[in-house]
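In: 3D model of this:
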Amino acid sequence: QVNLVESGGGLVQAGGSLKLSCAASGRMFSRYVMGWFRQAPGKEREFVSAITPSGGGTYYADSVKGRFTISRDNAKNSVYLQMVSLKPEDTAVYYCSATRKMDSLDSTRQYDSWGQGTQITVSS
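Out: Numbering: from 1, shown residues only. Purely as a prediction, here's the structure:
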């Protein structure tokens with residue numbers, strides 16, 4: 001497992017942008033698939049995006065495709081989520097996650113390491 005700490009959340013107006021960062025500690029970060037999930041009040045945690053260990057493969061939920069971009073820097077043990085054209089429905093707590101598994105990356109069950117979450121609020 002790895003320890004994960006997110007940062008970069010906050011309050012933004014609709015149409016605005018934010019970039020989330022997730023710093024990982026622990027060995028072998030470059031061997032982990034990294035994911036971003038979010039959870040709005042009263043809703044289940046849902047998949048946002050994932051990136052393969054090399055960064056060569058990226059995956060997105062349909063709701064964020066074209067607006068969010070996931071990236072990673074293995075030298076810095078970090079993964080990022082650049083978000084543009086934010087909408088009020090993007091309001092949620094965003095969680096960074098890690099897994100050594102390579103399938104069903106949109107499922108929370110595949111991930112065994114989680115950050116504490118960072119709040120994003122998009123005002124209309």
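In: quick one: what helix or strand has residue 122 in it?
Out: Counting by DSSP states H and E, the element that carries residue 122 is strand 118-123.
In: and that strand, what does it pack onto?
Out: strand 10-13, strand 18-25, strand 92-99 (3 or more C-beta pairs under 8 Å, 6 or more residues apart in numbering; DSSP states H and E). Where you see a C-beta, it was placed from the backbone N, CA and C, and this is true even at glycine.
In: alpha carbons of the second one, in CSV - could you do that?
Out: Just to be clear, that refers to strand 18-25. Only the C-alpha atoms of strand 18-25 are listed here, as CSV (Å, rounded to 0.1, in the frame of the first residue of the first chain):
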residue,chain,number,x,y,z
LEU,A,18,-8.8,23.6,-10.7
LYS,A,19,-5.9,21.2,-10.5
LEU,A,20,-5.7,18.5,-7.9
SER,A,21,-2.5,16.9,-6.8
CYS,A,22,-1.9,13.7,-5.0
ALA,A,23,1.4,13.0,-3.3
ALA,A,24,2.3,9.4,-2.6
SER,A,25,4.7,8.0,-0.2
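In: what's downstream of it, the next helix or strand?
Out: strand 33-39.
In: state the mean pLDDT of stretch 100-108.
Out: Per-residue pLDDT over stretch 100-108 has a mean of 96.
In: out of the helices and strands packed on strand 118-123, nearest to residue 69?
Out: Proximity to residue 69 (C-beta to C-beta) singles out strand 18-25 among those, at 9.2 Å.
In: who does that closest one pair up with?
Out: strand 3-7 (antiparallel), strand 78-83 (antiparallel) (DSSP bridges).
In: tabulate the ones you listed in JSON lines, adding columns for mean pLDDT.
Out: As requested, these are exported to JSON lines (pLDDT from 0 to 100):
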{"stretch": "strand 3-7", "mean pLDDT": "97"}
{"stretch": "strand 78-83", "mean pLDDT": "98"}
